[in-house]
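**Q** Here's a sequence, model it:
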Amino acid sequence: MFTTVSVQLPHPVLLQLIAHLEKHGGPQDLSAVMQAAVELWLSEQQSPRPGQPSLHGYQWKSLFLPEGTRLRSWSYGEHNYAEVVGDQIIHNGRAVSPNQFARSFARSNRNAWSDLSVRRPGDKKWTIASRLRRELAIEQARGALAAATADRVYAVDGPPPAAAAEPPKPRQVEAGPEWSLPERRKHRFRMEDVAY
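**A** Numbering: from 1, shown residues only. All right, here's what the predicted structure looks like:
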C-alpha cells in the first residue's frame with residue numbers, strides 16, 4: 001500500500017497547472033500529474049545530458065578522458081578496444097592503465113601515446129593519443145602566452161595604480177656616531193671573504 005504525503009504548492013503555480021491541463025487536455029487527476037512531473041525531473045537529474053560534461057573519467061597524465069571514451073589498439077591485424085567506465089579504463093572486465101592496454105596484445109614494450117587511438121564522447125573520428133596531448137599542450141601554451149602578454153602590457157604602460165610599489169630605499173652611506181670613517185665599500189661583503 002502506498003502512502004501519500006501532502007506537499008505545499010503556491011496557489012498561483014497550482015492555478016497555472018490547472019489552466020494548462022484544461023487547455024491541453026492532460027489527465028485531470030492533479031496527483032497523477034504531480035507524480036509524473038516529479039518522476040520526469042528525477043530521471044533528468046540522474047542521467048547526464050549530452051552537452052553536460054561528465055564528472056567521471058580517467059586522468060592520463062595531462063590528458064583527461066571523460067567517461068564513455070573508447071580506446072583502440074591495433075595489433076597483429078586486429079583492433080582491440082577498451083572503454084572508460086567511471087574512473088577506470090576497462091578491458092575484458094578488468095581495470096587497466098593505458099600502457100597495460102597497449103602492451104596486452106604485443107610481445108614487446110609499446111608507447112601507449114603513439115599506439116592508442118582515442119574516441120571521446122562527441123568525437124566523430126578516432127585520434128592518436130599523442131596528437132590529443134600535443135593539441136592540449138598548444139592550447140595551454142596559448143593561455144600562458146595570453147597571460148604573459150597581459151603582464152607585458154603592464155610593464156610597458158606601467159603597473160596599474162593599485163599595484164604601484166614604492167622603490168627600495170638607498171643604502172645609508174654616511175657614517176654613524178660610532179663610526180668616524182666614511183663608507184668605502186661598494187658590496188655587502190669583502191672580496192677577500194669570498195671562498196673560491
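**Q** Beta-bridge partners for the most centrally placed residue in the chain, please?
**A** Geometric centre of the chain, nearest residue: Phe64, 7.7 Å, by Cα atoms, centre = their mean. Note on Phe64: beta-bridge partners Gln59, judged by DSSP bridges.
**Q** Read off the pLDDT value for it.
**A** pLDDT recorded at Phe64 is 91.
**Q** so how far is Trp126 from it?
**A** Phe64 is 17 Å from Trp126, where distance means Cβ to Cβ, to the nearest Å. Where C-beta positions appear, they are placed from N, C-alpha and C, glycine not excepted.
**Q** Also Ser108?
**A** When Cβ to Cβ is the yardstick, Ser108 and Trp126 sit 23 Å from each other.
**Q** And these two? Which one has more around it.
**A** Using other Cβ atoms under 10 Å as the criterion, Ser108 and Trp126 rank with Trp126 on top: 13 against 5.
**Q** The more buried one and Ser117: what is the separation?
**A** Taking Cβ to Cβ, one finds Trp126 at 4 Å from Ser117.
**Q** shared neighbours, these two?
**A** Taking Cβ atoms under 8 Å, 6 or more residues apart in numbering as the criterion, Trp126 and Ser117 both touch Arg72.
**Q** Contacts only, for Gln88.
**A** 58, 95.
**Q** In this protein, where is pLDDT below threshold?
**A** 1-2, 26-28, 46-54, 150-165, 171-196 (pLDDT under 70).
**Q** what about Leu63, how many residues close to it?
**A** Neighbourhood size, Leu63 [other Cβ under 10 Å]: 19.
**Q** Check Pro168 too.
**A** The number of residues packed near Pro168 is 6, by other Cβ under 10 Å.
**Q** try Lys169
**A** Lys169 has 6 nearby residues by other Cβ under 10 Å.
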